[in-house]
Structure formats: C-alpha cells, structure tokens
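In: From the sequence below, what's the structure:
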Amino acid sequence: MCYSKCYSKKINFYINTAKIIKNEKFWWQKRRLLLSKVPDVIHSREYGVKFAFSRKDFFHAFELVYKRYLSYQLIRPNEKKLFYTPYQALPNSRVCIAYNKMMNEKIASTATVVIDSELGLPGDSTYKAELDKLRAKGRKLAEITCLAAERDLCYRNGILFVFRLLYRYARL
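Out: Below you'll find the predicted structure:
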C-alpha cells in the first residue's frame, strides 16, 4: 500500500513538473535537470568528498571501479575483484571518492587524477604525439582515469564533487 502511494506521488510530481516548465524556453533541459536531482545534490550535505588515504578507502574505490568496468565488459574478471593501474601508485596521483554520509559512508563515486611524470600519462598509449606537443609547449598535463559511479542516479551525481576536488588538485 505504502509503495503504491509513494509511487503515485512521484508520478504526480513528474507530471506537475513537466506541466509547469513546458511553457518555458528550453523546458526539456530544465525538466531533465530537475529529474536528475543535481540541484538537490549540490545544495545538500549528504555527500562528502575526500582523497583516499586509508587502505579501506582504496580497497572500496578499486572494488567499485572493478564492479562497474566488469558490468560493461571493459575488463576480465579476476580473483581479487579489484581494478587498479600502476599510475595510481605514483606519488602525485590522487584517488578521490565521494561518499554518502547518510548510508554509513558508502562510496558513491570515484576517480583518479594522474599528474604527468616520467612514466607519462595513461593516454600516452593512444595520444602520445599530441601529448608530446603539449609537453613541448611547457603545458602541465593531468588525466582523470578510473572513473566509476554506482548505478543509482543520485549516486552518480556524487561525481560532481569528485571532479571539483580533482580539478582543484590538478591546478596546484
């Protein structure tokens, strides 16, 4: 009974939202933004973001990347059920996680920023010539890699906080 009431309230909310903003210019973009709950996430305090420091944080971040990459068949299964790269072990690389404060700090999203070093960047295997041109101009390069988020739309919005923190770190 409660499920059907909650469901009908959600449906009514979506219908009313669509009616209100349909009369405005770019209504489909506004409706999509409202349905994504991005404005709610930006102003809410239920998400936290931090760099992974503890062994537990790294483990959960690598586990999330493994789970998401495996679901899209980007990697093969392994017995450790973790996915990580050598670039994540570099001193200037940082693994960032967004977590839900309301759900026992469950990790919602993760990404890693790799600052250019002697080993180069993960993208060197594909774009070496282009990246070398930028290096020759004296540009400071960084690459965001190992990006993953939980399937739930609300959890995926946590990636906004991850990108904000990684961007600030890469600019230093």
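
In: Which of the residues in the longest strand belonging to the chain are classified as buried?
Out: Counting residues, the longest strand in the chain under DSSP state E turns out to be strand 106-115. Within strand 106-115, the residues scored as buried using 16 or more other CB atoms under 10 Å are I107, A108, S109, T110, A111, T112, V113, V114, I115. Using the backbone N, CA and C atoms, a C-beta is placed for each residue, glycine as well.

In: what packs against that strand?
Out: Strand 106-115 is packed against helix 55-71, strand 94-100, strand 142-149, helix 153-156, helix 159-171, with contacts defined by 3 or more CB pairs under 8 Å, 6 or more residues apart in numbering; DSSP states H and E.

In: Can you list the low-confidence ranges for this protein?
Out: Counting by pLDDT under 70, the chain shows low-confidence ranges at 1-45, 153-157, 172.

In: hmm, back to that, what is the most widely separated pair among the buried residues of strand 106-115?
Out: A108 and I115 (24.4 Å; CB to CB).

In: Dump the C-alpha coordinates for stretch 65-77 into CSV.
Out: Extracted in CSV, the C-alpha atoms of stretch 65-77 (Å, rounded to 0.1, in the frame of the first residue of the first chain):
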residue,chain,number,x,y,z
VAL,A,65,35.8,0.5,-10.4
TYR,A,66,36.1,-3.3,-10.9
LYS,A,67,32.4,-3.8,-10.4
ARG,A,68,31.4,-1.1,-12.9
TYR,A,69,34.0,-1.9,-15.5
LEU,A,70,33.1,-5.6,-15.3
SER,A,71,29.4,-4.8,-15.8
TYR,A,72,30.3,-3.1,-19.1
GLN,A,73,32.8,-5.8,-20.0
LEU,A,74,35.7,-3.4,-20.2
ILE,A,75,37.9,-5.8,-18.1
ARG,A,76,38.1,-9.5,-17.5
PRO,A,77,37.1,-11.0,-14.1
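
In: I'd like the distance from it to the chain centre, please.
Out: In terms of CA atoms, centre = their mean, to the nearest Å, the centre of stretch 65-77 is set 16 Å apart from its chain centre.

In: Tell me the buried residues in it?
Out: For stretch 65-77, a neighbour-count test (16+ other CB under 10 Å) marks V65, Y66, R68, Y69 as buried.
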